[in-house]
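*Asks:* can't give you the sequence, but here's the structure:
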């Protein structure tokens, strides 16, 4: 099944390819109104049920982002959309070399300091997680608004 969805805030269109095993995952993402949070993190909502109005509107705003049900589930869990996940270390190096760090998100728990995000002067945010060999770049996002 292919579900075409559209965010009611950033107008990003999503083409979600759902397999038979994805239905329970999708149900866990929705609220009572059959919507889920926008995977872009803009604060908007996307529809999770077929809708003729959305079908007519979706292609008029932005090119749909093609996702599997698993990719949508992971993105809503904080793992990032496929176009937010860096695939080349040179991209991260270039971002850090070309832009001043303007903010960091971190927390202290006991004696440890945890660095979660680095915000650069161009507005890009590098999201970090822990990895077996050190900090791992989870995703790189742009602020919405």
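*Replies:* Thanks, I have the structure now. Since this is a predicted model, take the numbers as computed values, not measurements.

*Asks:* Can you pull the domain assignment for the chain?
*Replies:* Segmentation of the chain into domains, based on automatic domain parsing, reads 2-76, 89-141.

*Asks:* Tabulate those in a markdown table, adding columns for mean pLDDT and mean neighbour count.
*Replies:* Every C-beta, even on glycine, is put in place using the N, C-alpha and C of the backbone. Below are the domains of the chain laid out as a markdown table (pLDDT from 0 to 100; neighbours: other CB atoms under 10 Å):
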| stretch | mean pLDDT | mean neighbour count |
| --- | --- | --- |
| domain 2-76 | 85 | 16 |
| domain 89-141 | 94 | 13 |
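
*Asks:* quick one: the helices in this protein?
*Replies:* With DSSP state H as the criterion, the chain has helices at 23-29, 52-58, 69-76, 89-98.

*Asks:* Can you list the helices and strands that the longest one packs against?
*Replies:* The criterion is 3 or more CB pairs under 8 Å, 6 or more residues apart in numbering; DSSP states H and E, and the helices and strands that helix 89-98 contacts are strand 112-120, strand 125-131, strand 134-141.

*Asks:* Please identify which of these is closest to residue 100.
*Replies:* Closest approach to residue 100 among these (CB to CB): strand 112-120, 7.0 Å.

*Asks:* List the pairing partners of that closest one within its sheet, with orientation.
*Replies:* strand 101-109 (antiparallel), strand 125-131 (antiparallel) (DSSP bridges).

*Asks:* what's it in contact with?
*Replies:* With CB atoms under 8 Å, 6 or more residues apart in numbering as the test, strand 112-120 has contacts from 95-96, 99-108, 125-128, 135.

*Asks:* what angle separates that strand from helix 89-98?
*Replies:* 80 degrees (axes from the mean of the first three to the mean of the last three CA atoms, to 10 degrees).
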